[in-house]
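Asker: coordinates for the following, if possible.
(2 chains)
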Number of protein chains: 2
Amino acid sequence: MPRTSEPGRSVSSRLLDLLFSFEPGATELSVADLSRRTGLPHPTTRRLVIELAKAGALEQRADGRFTVGIRLWQLGTLAPLTESLRTTAQPFMEDLYTALHQHVQLAVLEGTEAVIIDRLSAPRALGLVSRVGGRLPLHCSGVGKVLLSHAGTRVRQDVLDGELRSYTPQTVTDPQILRRELAECRRTGTAMVRGEMSNGADSVATRILDGDGRVVASLSVVVRSGSVRPQTVLPSVITSGLGISRRLGWRPGVKVRDG
Amino acid sequence: MPRTSEPGRSVSSRLLDLLFSFEPGATELSVADLSRRTGLPHPTTRRLVIELAKAGALEQRADGRFTVGIRLWQLGTLAPLTESLRTTAQPFMEDLYTALHQHVQLAVLEGTEAVIIDRLSAPRALGLVSRVGGRLPLHCSGVGKVLLSHAGTRVRQDVLDGELRSYTPQTVTDPQILRRELAECRRTGTAMVRGEMSNGADSVATRILDGDGRVVASLSVVVRSGSVRPQTVLPSVITSGLGISRRLGWRPGVKVRDG
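Answerer: You can find the predicted model right below:
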C-alpha cells in the first residue's frame, strides 16, 4: 500500500516501512518498487536499502532487485512459539495428514488476524490460498474462530466492532450471531466452519494449550465441502490437538486461559 | 557483543543493531540488556524499542522484556529458498529419518557460514547443539564442506585465508589439506566428516541442486561415531539429495554450478 511522504516521519519508521513492503506476492522488489510502496524519495530509498543489505537484512539479486535476507529469516526463528511450536506439532500434524489426507494447518494469533505457522497439504487436495507466514481472518476461518474465542475481551471486542468482511454468501457477518458462535467455540474448544472463507471449503479446528492452560495456537483440517463430514474429522483433530498440548505441558484439569 | 556508542552511527544502523542483538540464547531482552548490547544510551534504546514494538517487529512480554515479534518471523518466511526449500525437502528428510533414525539436517550458505534451515532429530539420538536458524562453520561441518566447495572462489578464499578454528583434535585447520578436501567434495558432491566439529559425531552430507545446476543447499545425516559406518549411510543421503534436486527442477546432465 503506497504511503505519502511525510517529512516528519522518523528514520526508524521509514526503515520499517521499507522492510514491511515485502509481502507474499511481492518478494523481489527494485529500489523503484520500494520507493513507490513507501512514498520515500528514490535517493533516500536507495541509501536505506543499501544499508539494510549491508546488514544482511535484505539481499540483492543478480538482476539488482532486493529480497528479504536469510539473516532476517534467522532473526524471525527467534520469535517465541514459532519454531518450537512447529517442532512439537510436526509429528502430530503428519499423523493427522496420514490418517485423513487433507490439508492440516497450525496458526497463532497476531493482532486481529491468525498467522499460519505451518501446514501440510495433499498434492491433489483442495487448492488453498494460504501459505506458511500467510494470514487468515479471525471471524470466518476455523483456526480464526478458535483463536478469537480465546483472545481476551479487548481483541474480541475490536473484531466484533470492526468490519466483518463477507468472503462468501456463507460468511457470518452479524456480530450477534458471531458472538454466540464464539461462546460455543470457547465452551467446546473447537470450531466447524462451512464455506465461510472459500466456497466449497470446510474447516475443523481445535485449540492448542500450553502448561498454564493458555490457548497458544489452533490446529485445523480443511476439507472439500461434501467430501468428508466435518463431524467425522473432528475427533482426530481434537486428539491431535490434545497430543500437542500435552507435549507443551498441559494436563487434563488445568484451567483454560485466554491466549 | 557490546559495541561502543558512536555519535555518528546512523539511526538505521542503530535500529539494525537493536534487532540483531536478539540471538539464540538471548531471545528475551530488557531495555537495559539491549542498551548494553548495542552501546546505545538507555533513553535512545527505549525510544527505538518502543517504535519497533509498535511496528510489530518486537513484542513486549508481561514481564516488560522484549522478544522478536511474529511479524518479523512472517517477514523472514519471504526470504528466498527458506520456506520453499523446507517444503520441498520435508518428505525426503522424513523418509531419510525413517530409514536411518539419525539426525537429518538441511543447510544453506550465508556469508562464510552455513545456516540450518530445517532438521529432524531422533529423541534418543546424539545430543546436538544445532537448531533451526543456527549456524555451522564451513570448514569442519559436513554441510559446510559441501557448501564451501561450491561457494565460488571468493568465499572459498576468504574462509581459507581466515581463522580455521579448531573445534576438536580432528578438525582440519591446514589450508592446504582443506583445499584438497574441498576439491574432492566438489568432484563427488558429498562430504564425510568424522569428529571435526564435535567429538564422537560423524556427518555425511550431499549437495542439493536447482534447475540451473546451482548448489542451493546441503543435506546431511549426523551419526554417533562408531554406531553406523558413514559409507553405509552415504547412498541414502545421496539419493535423498538427488530426489530433492529433481523436485527443484534439476535433471541428470545439467552442469553443476557454484551456489
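Asker: residue ranges with poor pLDDT in the stretch 101-250 of chain A?
Answerer: Low-confidence segments of the stretch 101-250 of chain A, defined by pLDDT under 70: A:122-129.
Asker: interface residues of it facing chain B?
Answerer: A:V108, A:E110, A:G111, A:V115, A:I117, A:R131, A:V132, A:G133 (Cβ under 8 Å from any Cβ of the partner chain). Placement of C-beta: from N, CA and C, glycine included.
Asker: how near is the second one to A:P43?
Answerer: Just to be clear, that refers to A:E110. 34 Å (Cβ to Cβ, to the nearest Å).
Asker: of those two, who's got more company?
Answerer: Comparing A:E110 with A:P43 by other Cβ atoms under 10 Å in any protein chain shown, the one with more neighbours is A:E110, at 19 against 10.
Asker: the more buried one pairs with what?
Answerer: Beta-bridge partners recorded for A:E110 (DSSP bridges): A:E113.
Asker: mind listing what it touches?
Answerer: Residues near A:E110 by Cβ atoms under 8 Å, 6 or more residues apart in numbering or on different chains: A:R135, B:G56, B:I70, B:R71, B:Q74.
Asker: sec struct for the residue of the stretch 101-250 of chain A found nearest chain B, please.
Answerer: Ranked by Cβ to the nearest Cβ, the top residue of the stretch 101-250 of chain A for proximity to chain B is A:G133, at 3.2 Å. Under the three-state scheme (DSSP: H, G, I helix; E, B strand; the rest coil), A:G133 adopts coil.
Asker: swap in A:R119?
Answerer: strand.
Asker: wait, what's in contact with the residue nearest to it when sequence neighbours are not counted?
Answerer: Leaving aside its sequence neighbours, A:R119 sits nearest to A:Q105 (Cβ to Cβ, 6 or more residues apart in numbering or on different chains; 4.6 Å). A:Q105 makes contact with A:I116, A:D118, A:R119, A:S130, A:V143, A:L219, A:S220, A:V221, A:V222, according to Cβ under 8 Å, 6+ apart.
Asker: secondary structure element holding A:Q105?
Answerer: Per DSSP states H and E, A:Q105 falls inside strand A:103-110.
Asker: of the residues of the stretch 101-250 of chain A next to chain B, closest to B:G249?
Answerer: B:G249 has its nearest neighbour among those in A:R131, at 19.9 Å by Cβ to Cβ.
Asker: where does the closest residue to that closest one other than its chain neighbours land on pLDDT?
Answerer: Once flanking residues are discounted, A:R131 sits nearest to A:P24: 6.3 Å by Cβ to Cβ, 6+ apart. In this model, A:P24 is scored at 85, pLDDT.
Asker: quick one, whichever strand or helix holds A:D95 and helix B:83-100 angle?
Answerer: If you go by DSSP H and E, A:D95 is part of helix A:83-100. Counting by axes from the mean of the first three to the mean of the last three Cα atoms, to 10 degrees, helix A:83-100 lies at 70 degrees to helix B:83-100.
Asker: would you mark the buried spots in helix A:83-100?
Answerer: Neighbour counts over helix A:83-100 (16 or more other Cβ atoms under 10 Å in any protein chain shown) mark A:83, A:85-90, A:92-94, A:96-97, A:100 as buried.
Asker: so, in contact with chain B or not, that helix?
Answerer: Yes - applying Cβ under 8 Å from any Cβ, one finds helix A:83-100 in contact with chain B at A:E83, A:T87, A:E94.
Asker: nearest to chain B among those residues?
Answerer: A:E83 (5.2 Å).
Asker: so what's that closest one up against?
Answerer: Applying Cβ under 8 Å, 6+ apart to A:E83 gives the contacts A:T77, B:R131, B:V132, B:G133.
Asker: I'd say the last one and B:R119 touch.
Answerer: No - no contact is recorded between B:G133 and B:R119 when judged using Cβ atoms under 8 Å, the distance being 10.1 Å.
Asker: check which helix or strand covers the residue in chain A sticking out farthest from the centre.
Answerer: Largest separation from the mean C-alpha position in chain A: A:P43, at 34.7 Å (Cα atoms, centre = their mean). Element membership of A:P43, judged by DSSP H and E, is helix A:42-54.
Asker: other SSEs contacting that helix?
Answerer: Counting contacts by 3 or more Cβ pairs under 8 Å, 6 or more residues apart in numbering or on different chains; DSSP states H and E, helix A:42-54 packs against helix A:11-19, helix A:31-38, strand A:58-60, strand A:66-68, helix B:11-19.
Asker: what's the most centrally placed residue in chain A sitting at in phi/psi?
Answerer: The residue lying closest to the centre of chain A (Cα atoms, centre = their mean) is A:V115, at 1.1 Å. Main-chain dihedrals, A:V115, degrees, to the nearest 10: phi -110, psi 130.
Asker: for it, what are its contacts?
Answerer: Taking Cβ under 8 Å, 6+ apart, one finds A:A107, A:V108, A:L109, A:G133, A:G134, A:R135, A:L136, B:I70, B:Q74 in contact with A:V115.
Asker: of those, which is the nearest to B:G241?
Answerer: Nearest to B:G241 among these, counting by Cβ to Cβ, is A:G133 at 25.9 Å.
Asker: report how many residues lie close to that closest one.
Answerer: 22.
Asker: show me what contacts it?
Answerer: A:G133 touches A:P24, A:V115, A:I116, A:I117, B:W73, B:Q74, B:G76, B:T77, B:L78, B:E83, counting by Cβ under 8 Å, 6+ apart.
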